[in-house]
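Chemist: build the 3D model from these lines:
(2 chains)
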2 protein chains.
Amino acid sequence: MISEVDILNCFQHLVDAKNDELVCIGSGDDAAVLKLKDNYLVHSLDVSKIGTHFPEHCQPDLIAYRSVAVALSDLAAMGVYPSFLTIGLTSNEKNIQWYKKFTNGLEKIINEFNINLVGGDVTFGETNICVNVFGFTNKNVLSRCDAKVGDLIYITGSLGKARKGLKDWKNKIDSSFVENYFRPKAQIKKGIYISNYANACIDISDGLTKDLGSIVEKSKVGAYIDFNKIPITTDFHDLSYGDDYELCFTAPKKYQDKFNSNEYFLIGEITKGNSLEILKDDKLITLNTEGWDSFNL
Amino acid sequence: MISEVDILNCFQHLVDAKNDELVCIGSGDDAAVLKLKDNYLVHSLDVSKIGTHFPEHCQPDLIAYRSVAVALSDLAAMGVYPSFLTIGLTSNEKNIQWYKKFTNGLEKIINEFNINLVGGDVTFGETNICVNVFGFTNKNVLSRCDAKVGDLIYITGSLGKARKGLKDWKNKIDSSFVENYFRPKAQIKKGIYISNYANACIDISDGLTKDLGSIVEKSKVGAYIDFNKIPITTDFHDLSYGDDYELCFTAPKKYQDKFNSNEYFLIGEITKGNSLEILKDDKLITLNTEGWDSFNL
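Modeler: The predicted structure follows:
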């Protein structure tokens, strides 16, 4: 039987590789003491659960990577660079190799974004990963509630990649989409770039219709998007399927030249009103709150 | 079937009752933006799981209270006042009343300590509560690693109360100890007072032998305690049973008059060496690392 100490030892080298300018008291005490460079702290928490956020029997390094990427995506949507994270890991696994592989996935993503693991907790039970990410504000924090009528609506990449990836993985098809599902890219750099020009931003975790719907609701505006302009992977369902972790944002027309069309896809415009309109095959589909929450043709 | 939105609505009034001086962007966006009064942030994370940290079929308000109290206890042990918290809640419950009762327990403890709920996440699955607590440092942060030879060793209350409480609850005996188990008191005020004088402190979550063992190990000292001086509830086993969330601390002898004997129990002294010695019935029991980790007569 492995102990809590055995598991914590798997993570120790990550915690030891701490940034001394940030961490005054780190792992091994009751709490971590952090010296922040800025008085404004941005924080998000995401729980990833087996069977809901990742399938049973998937590799522990992929579970770790995806759990953290999903949490970082929330900081990307605020235009914030991540600085540190903590993890509450619950797992039923009895084999120490599982934890070592989990740590490998964790190490991959924290090195990719140069962030510090400053603490955590482990316990036995149904696999469940609670990731807390922290960052500092740049001058423009992006929220969901400041979209303005006349803003153009963009997304940072094609939709439905993760949907196809999960399907391929379940069908044992080896495609690049599988990587899109298991290792979504938190769009941190684009989020920070966007924050110079955009009025509102959200990450597409629950599907474009629902997430753009959230901007519409919080900003008290309407939105019009053209299906033909939206880069999709498979079909119309890709609009309401999440897990791609691209960003959806709105920016004034005067900044249109700031967004090159290879990286930022112009899909519509913020309008007066309170509904989300989708033009498809010369038909206009109109959704409001309940519509975009449950929308799936 | 209840939805995530139904559940989040149970918590909304707590998040809305936010402190505007602290919370710039709160619930409902991708992340929370917090304006801190101090550049030093203290953070701890605790995962509480059904079957491990609280029994099956226990009341949701007690689960909420206990999960937060346990996390706050880590800040108490650092001599830090809590400011805000976030919760990652996983639950299989389908009845909205469960979440309302959970919120009641949460509200009770956040009002008791005047802390702000600034965010969280909910998901369905085996009940699991990941609590993140945050506070600001006072001038003396207490760690486990600064105990000095000659320091006196104190604890803030009697041991074994929670052990007896859980036993009584299981036997359907209505005793005050049941409250001790389900609503442990995070010793925040005592922690802050202690921080003016103490060299090292830890909360007794895993049992006095293991937790004082941690001070011994981290401070590279020894410790001697007298069983007859330790306030216990039942028997010698109370020394190795946790869950009381009292504090154990060490302070120089010159401050002995600062700790009145009704509230702070003098149980021993920090010594040279690297072991924990317990005097009981004229016999000296000597424990080292492996000993205190597994100690239970």
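Chemist: mind checking the SS state of the spatially most central residue of chain A?
Modeler: The residue lying closest to the centre of chain A (Cα atoms, centre = their mean) is A:S73, at 2.6 Å. On the three-state scheme (DSSP: H, G, I helix; E, B strand; the rest coil), A:S73 is labelled helix.
Chemist: check what pLDDT it gets.
Modeler: Here the pLDDT value assigned to A:S73 is 95.
Chemist: all strands of the stretch 51-200 of chain A, in order?
Modeler: A:81-91, A:116-124, A:128-136, A:152-155, A:200-203 (DSSP state E, counting those that start in this stretch).
Chemist: domain ranges for chain A?
Modeler: Here the domain parsing of chain A from automatic domain parsing is A:4-137, A:152-291.
Chemist: ok, which of the ones you listed comes nearest B:D30?
Modeler: Closest to B:D30 of these, according to Cβ to Cβ: domain A:4-137, at 4.1 Å. For every residue, glycine as well, the C-beta is placed using N, CA and C.
Chemist: end to end on that closest one, go ahead and measure it.
Modeler: 35 Å (Cα to Cα, to the nearest Å).
Chemist: ok so, going back, tabulate the domains of chain A (CSV), appending distance to chain B.
Modeler: Shown next, in CSV, are the domains of chain A (distance: least, Cβ to the nearest Cβ, whole Å):
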stretch, distance to chain B
domain A:4-137, 4
domain A:152-291, 6
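Chemist: who wins for proximity to B:D146 among the ones you listed?
Modeler: Smallest distance to B:D146 across those (Cβ to Cβ): 10.5 Å, for domain A:4-137.
Chemist: shouldn't A:N128 be in contact with A:G51?
Modeler: No. The criterion here is Cβ atoms under 8 Å, and A:N128 misses it with A:G51 at 10.1 Å.
Chemist: list residues touching both of those two?
Modeler: Residues touching both A:N128 and A:G51 (Cβ atoms under 8 Å, 6 or more residues apart in numbering or on different chains) are B:G125.
Chemist: give me the more crowded residue out of the two.
Modeler: A:N128 (28 against 11; other Cβ atoms under 10 Å in any protein chain shown).
Chemist: which residues touch that one?
Modeler: Going by Cβ under 8 Å, 6+ apart, A:N128 touches A:47-50, A:89-91, B:90, B:123, B:125-126, B:128.
Chemist: can you tell me, leaving aside adjacent residues, what's nearest to it?
Modeler: Of all residues not flanking A:N128 in the chain, A:T90 sits nearest, at 4.2 Å (Cβ to Cβ, 6 or more residues apart in numbering or on different chains).
Chemist: tell me how many other residues crowd the one you found.
Modeler: Using other Cβ under 10 Å, A:T90 is surrounded by 25 other residues.
Chemist: same deal with A:E4?
Modeler: Using other Cβ under 10 Å, A:E4 is surrounded by 12 other residues.
Chemist: dump the residue contacts of the nearest residue in space to it that is not next to it in sequence.
Modeler: Closest residue to A:E4 apart from its sequence neighbours, by Cβ to Cβ, 6+ apart: A:V122 at 5.8 Å. Residues in contact with A:V122 (Cβ under 8 Å, 6+ apart) are A:4, A:7-8, A:88-91, B:47.
Chemist: next one: A:W169
Modeler: By Cβ under 8 Å, 6+ apart, the residues touching A:W169 are A:55, A:58, A:178, A:181-182.
Chemist: for B:Y264, see how far away it is.
Modeler: Note on A:W169: its distance to B:Y264, by Cβ to Cβ, to the nearest Å, is 58 Å.
Chemist: now the closest residue to A:K101 other than its chain neighbours: how far from B:E126?
Modeler: Excluding the flanking residues, the one nearest A:K101 by Cβ to Cβ, 6+ apart is A:P60, at 4.2 Å. Using Cβ to Cβ, we find A:P60 at a distance of 18 Å from B:E126.
Chemist: who has more neighbours out of these two?
Modeler: Each of A:P60 and B:E126 has its neighbours counted (other Cβ under 10 Å); A:P60 has more, 21 against 18.
Chemist: what sits against the more buried one?
Modeler: A:93, A:98-99, A:101-102, A:105.
Chemist: again with A:V216
Modeler: By Cβ under 8 Å, 6+ apart, A:V216 lies in contact with A:147, A:222-223, A:274-276, A:292.
Chemist: make it 6 Å
Modeler: By Cβ atoms under 6 Å, 6 or more residues apart in numbering or on different chains, the contact list for A:V216 reads A:223, A:276.
Chemist: do A:G135 as well
Modeler: Counting by Cβ under 6 Å, 6+ apart, A:G135 touches A:42, A:75, A:80-83.
Chemist: switch the cut-off to 8 Å
Modeler: A:41-43, A:75, A:78, A:80-83, B:31.
Chemist: least trustworthy helix or strand in chain A by mean pLDDT?
Modeler: helix A:289-294 (a mean of 72; mean pLDDT, DSSP states H and E).
Chemist: what residues sit buried inside that one?
Modeler: A:292-293 (16 or more other Cβ atoms under 10 Å in any protein chain shown).
Chemist: format the CA atom coordinates belonging to that helix as CSV.
Modeler: Output in CSV follows, covering the C-alpha atoms of helix A:289-294 (Å, rounded to 0.1, in the frame of the first residue of the first chain):
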residue,chain,number,x,y,z
THR,A,289,-30.8,32.4,-22.7
GLU,A,290,-32.5,29.1,-22.6
GLY,A,291,-31.8,28.6,-26.2
TRP,A,292,-28.0,28.8,-26.1
ASP,A,293,-27.8,26.8,-22.9
SER,A,294,-29.5,23.8,-24.4
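Chemist: which residues sit against it?
Modeler: A:209-210, A:212-213, A:216-217, A:275-276, B:5.
Chemist: roughly how far out does it sit from the chain middle?
Modeler: 21 Å (Cα atoms, centre = their mean, to the nearest Å).
Chemist: and for stretch A:101-117?
Modeler: 16 Å.
Chemist: leaving out sequence neighbours, find the closest residue to A:Y99.
Modeler: In space, A:Y99 is closest to A:C10, 4.4 Å off (Cβ to Cβ, 6+ apart).
Chemist: on the three-state scheme, that neighbour is what?
Modeler: Using three-state DSSP, the structure places A:C10 in helix.
Chemist: can you report how many residues lie near it?
Modeler: Going by other Cβ under 10 Å, the residues that sit close to A:C10 add up to 20.
Chemist: ok, A:K258 next?
Modeler: Count around A:K258 with other Cβ under 10 Å applied: 13.
Chemist: am I right that A:E263 is in contact with A:Q187?
Modeler: No. Under the criterion of Cβ under 8 Å, A:E263 makes no contact with A:Q187, lying 10.2 Å away.
Chemist: ok, the two, which is more surrounded?
Modeler: Comparing A:E263 with A:Q187 by other Cβ under 10 Å, the one with more neighbours is A:Q187, at 24 against 11.
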